[in-house]
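Asks: just the structure for this:
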Amino acid sequence: MATTWIKKGTLGLVGACIAVGSAQAGGFTRGDADTEILYEDGTVAARGGVIYVIPKRSFETINGANATDDDYSKNYAVPSFSAKARISENLSCAFTYTQPFGAKSQYGAQAQAADRAADLATPGYPLPAGNAVRSSKFYTNEYGGTCAVNFDVGPGQLYFLGGGFVESFDYTEAKDFGTLNLEDSAAGGYRVGAAYEIKEYALRAELMYRSQVDHEASGQFRPTPLLQALALGGLGITLPNEVSATGSGSLPQSLEFNLQSGIAPGWLAFGSVKWTDWSVLQTLNYTIPALGPLANQQKNFFWKDGWTISGGIGHSFNENVSGAVTLTWDKGVGNGADIMSDVWTLGVGSQIKGGPGVLRVGAGLSYLTSGSQSRAKGADFNATAGGDWAYALTASYKIAF
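Replies: Model prediction:
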């Protein structure tokens with residue numbers, strides 16, 4: 001009698017949901033390129049989906065006083081698309097799209113007041129008014145191509161994977177003195193990996209590396225009437241309605257190991273370990289030449305490397321329905337310039353064969369542990385956060401033939 005093992009589809013589904021929930025601690029990680037499609041059956045396959053995240057992060061205290069602001073972290077969606085073609089028996093290639101990194105924050109009146117007060121208390125600050133951050137956001141788009149070459153080795157298949165991608169970067173920050181926008185339309189990177197698979201036992205081990213991407217961005221700064229008035233009086237310069245700006249920063253390399261194996265008919269155990277080089281992001285540096293003595297500015301992060309460890313169990317209920325549950329721990333990367341604490345995430349998901357393809361649905365519940373930030377460690381103001389909750393929902397659909 002043939003042994004039936006669960007496929008990896010459920011692992012990919014829940015893994016995507018967990019990764020987004022854990023991103024509240026793990027730096028700015030949002031989505032991973034869907035290179036898993038290279039292992040799918042069929043000459044041609046395509047999958048599209050989206051993950052929607054509700055972070056729910058707020059300050060508990062600001063400068064020692066109880067915080068009254070709403071959540072400063074804002075909801076976001078992460079789209080994903082992949083399409084694979086089997087070129088020969090031993091070669092497949094895939095096109096992928098996702099948004100690998102991003103963030104979105106909006107600060108309340110209490111946080112803004114603390115930010116302004118900190119500016120005015122800074123020795124040598126040249127203006128009579130503070131410059132608080134009202135909101136900030138950035139997003140990236142990744143368009144990639146990855147190929148896999150496979151060979152018969154022992155009872156299974158050995159895979160070598162590799163390809164390149166182009167990543168864009170778009171950053172916007174609104175402050176009391178004006179709005180800054182920086183863009184880099186295309187910076188290159190690459191990924192390489194290897195895997196070994198024995199399909200009979202649903203066994204697969206994969207190691208994948210994604211390179212660091214260095215961005216050199218340019219854009220505009222649009223001063224507010226307040227800054228125009230202050231600059232003319234305090235700095236002795238006249239500002240037009242829009243001036244040029246430039247900036248630079250790096251987004252990290254990562255290395256991930258995934259392992260799965262059937263453990264009984266219809267049952268699968270799986271786990272992963274991922275290292276992300278978030279220590280590369282110490283500051284985001286930008287220059288606005290027209291601001292004179294305020295031309296050179298930076299946004300502090302001072303992050304440390306991130307680790308994400310997850311494990312779970314999957315089960316095939318019948319030929320059409322399977323499901324999985326996962327537990328993920330994400331090590332916080334913050335060093336006190338902001339609040340990026342540890343995150344624990346419980347995820348559930350299901351894969352359902354329906355219509356011409358396969359539907360994946362899932363959800364994640366994340367607990368964001370407490371943390372703090374301080375001016376002594378590079379923050380704009382002193383603050384703490386208690387334990388918070390984040391939520392994520394995901395759905396995707398795949399067609400293969």
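
Asks: ok so Arg116 is a helix residue?
Replies: Yes - with DSSP: H, G, I helix; E, B strand; the rest coil as the criterion, Arg116 is assigned to a helix.

Asks: contacting residues around it?
Replies: Arg116 sits next to 129-132, 176 when contact means CB atoms under 8 Å, 6 or more residues apart in numbering. For glycine as for every other residue, the C-beta is placed from the backbone atoms N, C-alpha and C.

Asks: same check, this time on Asp69
Replies: Contact analysis of Asp69 by CB under 8 Å, 6+ apart lists 58-59, 62, 107-111.

Asks: and stretch 299-319, how far from the chain's centre?
Replies: Here stretch 299-319 shows a centroid-to-chain-centroid distance of 12 Å under the convention CA atoms, centre = their mean, to the nearest Å.

Asks: so which residues of this structure form helices?
Replies: Under the criterion DSSP state H, the chain contains helices at 9-22, 109-120, 225-230.

Asks: which of those has the lowest average pLDDT?
Replies: Ranked by mean pLDDT, the helices of the chain end with helix 9-22 at the bottom, a mean of 42.

Asks: report the two of the contacts of Asp69 separated the most.
Replies: Across these, the longest distance by CB to CB is 13.6 Å; it joins Ser58 and Ala109.

Asks: what's opposite the residue nearest to Ser244 when sequence neighbours are not counted in the beta bridge?
Replies: Of all residues not flanking Ser244 in the chain, Gln220 sits nearest, at 6.4 Å (CB to CB, 6 or more residues apart in numbering). Beta-bridge pairing for Gln220 (DSSP bridges): Asn181, Ser244.

Asks: ok, Gln351 next?
Replies: Going by DSSP bridges, Gln351 forms beta bridges with Ser322, Arg360.

Asks: for it, give me the pLDDT.
Replies: 87.

Asks: how near is it to Ser396?
Replies: Counting by CB to CB, to the nearest Å, the gap from Gln351 to Ser396 is 10 Å.

Asks: more neighbours: which of those two?
Replies: Gln351 (27 against 24; other CB atoms under 10 Å).

Asks: I'd say that one and Ser322 touch.
Replies: Yes - the pair Gln351 / Ser322 is scored as a contact, 4.9 Å apart, by CB atoms under 8 Å.

Asks: give me the residues contacting stretch 238-249.
Replies: By CB under 8 Å, 6+ apart, stretch 238-249 touches 171, 180-182, 214-223, 227-228, 231-232, 281, 283-291.

Asks: pull out the buried residues from the residues you listed.
Replies: The neighbour count (16 or more other CB atoms under 10 Å) marks 171, 180-182, 215, 217, 219-223, 227-228, 231, 281, 284, 286-288, 290-291 as buried among the contacts of stretch 238-249.

Asks: what residues does Asp380 make contact with?
Replies: 114-115, 118, 132-133.

Asks: neighbours of the nearest residue to Pro289 once chain neighbours are set aside, just the number please.
Replies: Nearest residue to Pro289, sequence neighbours excluded (CB to CB, 6+ apart): Ala295, at 5.3 Å. For Ala295, the neighbour count with other CB under 10 Å is 12.

Asks: thanks a lot, catch you later.
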